[in-house]
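A.B. asks: Sequence first, predicted coordinates after that:
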Amino acid sequence: MSGRRLIDIARVIRSKNAGPLHCTLDILFDDDATFREALASPAMTREAMARLYGVSATTVEVIPYAAAHAIKVVLDRPVVAGSPGDSDVYGAQQHAPLLGVVL
């Protein structure tokens, strides 16, 4: 564990819709070293992301993409996009919990 904050080493942290049933979190890094540091952290596991977002780990995928120095996290949306109770139809504000992650 590095003890560094994800927000301090990631170039981009964003979220977006991935259809009406899923949301994706994209984390991009400037280089391979920081990408690998984040990927190796216990804070970036499926289980850690599930705890952070209050969902079951079985509904979370953490997908590393080394060629782009990126990590994609796919989450099930709590409600279908655009339905009653949906607070972020575009999924554009769902990355906020990642801003407090310490690796």
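C.D. replies: That came through fine.
A.B. asks: what does the host helix or strand of residue 71 rub up against?
C.D. replies: Element membership for residue 71 (DSSP states H and E) is strand 70-76. With Cβ atoms under 8 Å, 6 or more residues apart in numbering as the test, strand 70-76 has contacts from 18, 21-29, 35, 38-39, 44, 49, 53, 55, 59-65, 94. C-betas here are computed from N, CA, C, even on glycine.
A.B. asks: Okay, buried residues for it please.
C.D. replies: 70-73, 75 (16 or more other Cβ atoms under 10 Å).
A.B. asks: Sort out which one of the residues you listed lies nearest residue 99 for me.
C.D. replies: Proximity of these to residue 99 (Cβ to Cβ) peaks at residue 73, which lies at 13.8 Å.
A.B. asks: If the closest one is in a bridge, with which residues?
C.D. replies: Beta-bridge pairing for residue 73 (DSSP bridges): residue 25, residue 62.
A.B. asks: measure it to residue 66 for me?
C.D. replies: For residue 73, the distance to residue 66 equals 16 Å [Cβ to Cβ, to the nearest Å].
A.B. asks: And for residue 13?
C.D. replies: In this view, residue 13 and residue 66 are 18 Å apart by Cβ to Cβ.
A.B. asks: Neighbour count: the two, which is higher?
C.D. replies: Neighbour count, other Cβ atoms under 10 Å: between residue 13 and residue 66, residue 13 has more, with 17 against 11.
A.B. asks: What angle do strand 70-76 and the helix or strand that contains that one make with each other?
C.D. replies: Taking DSSP H and E as the criterion, residue 13 maps to strand 10-17. In terms of direction (axes from the mean of the first three to the mean of the last three Cα atoms, to 10 degrees), strand 10-17 departs from strand 70-76 by 30 degrees.
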